[in-house]
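[1] please work out how this folds:
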Amino acid sequence: MKKIYLTLFMLITIPLSSKMIISPIDAMKQSFSTSATVVKKNILVNNEQAKTIQTNAKVKLSSKIFRTFKATKGGKTLGYGILINNKVRSKNAVVLYLISKESTLLGIEIIAFNEPMEYIPSKKWISQFENIPTDKQLNVGREIPTITGATLSARSITDSSRLAFAFYNEMLKDK
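    Here you go, the predicted model:
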């Protein structure tokens, strides 16, 4: 009987775990350099920083802890990755925003996606997030078109881009 409960528990909880598409370290190396050193760091922002980030992003913070990645090679910073975990509909999506040391969003990588895979944006739609300065405010329906059948995914990724930009500009830029 115990084995039956354990098996049922496993079958129920497995679908609840994230479907990782690519690791953040691999995404950083693909974007910056396969020979780059990538260091992961969690950054806790204080209340004042959180208020500034939230105001600049026009998005409510769900956490004051940001997971960042820094790519370096030969002692020089190549760029950063900012990992944002955001609810799409009822489940989370995790997106890595890849930002150069020149304060330009090089692109995004969807790291994990818990919603049904038909709601994941296409590569063509994702390509709109390339070569965008971090001082730009992106909005769905203006700079970024919606996705038929996946409007919530589009809104989540776009809102999170503003959050990544605001965090980068406040905490990492010129440092």
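[2] go ahead and confirm P133 touches T104.
    Yes: counting by C-beta atoms under 8 Å, P133 does reach T104; the two are 5.8 Å apart. C-beta: built from backbone N, CA, C; applies to glycine.
[3] what sits up against the biggest strand by length in the chain?
    Longest strand in the chain, counting residues (DSSP state E): strand 76-87. Strand 76-87 is contacted by residues 24, 27-28, 31-33, 36, 38, 62-63, 66-72, 92-101, 106, 111, 156-157, 159-160, 163-164, 167-168, 172 when judged by C-beta atoms under 8 Å, 6 or more residues apart in numbering.
[4] any stretches of the protein with poor pLDDT?
    1-19, 145-150 (pLDDT under 70).
[5] that one: strands as residue ranges?
    37-44, 65-73, 76-87, 92-100, 104-113, 132-133.
[6] any idea of the angle the second one forms with strand 76-87?
    Right, the one you point to is strand 65-73. Relative orientation of strand 65-73 and strand 76-87, computed by axes from the mean of the first three to the mean of the last three C-alpha atoms, to 10 degrees: 150 degrees.
[7] angle of strand 65-73 against strand 92-100?
    Angular relation of strand 65-73 and strand 92-100 on a 0 to 180 degree scale: 40 degrees, by the same axes, to 10 degrees.
[8] all set, thanks.
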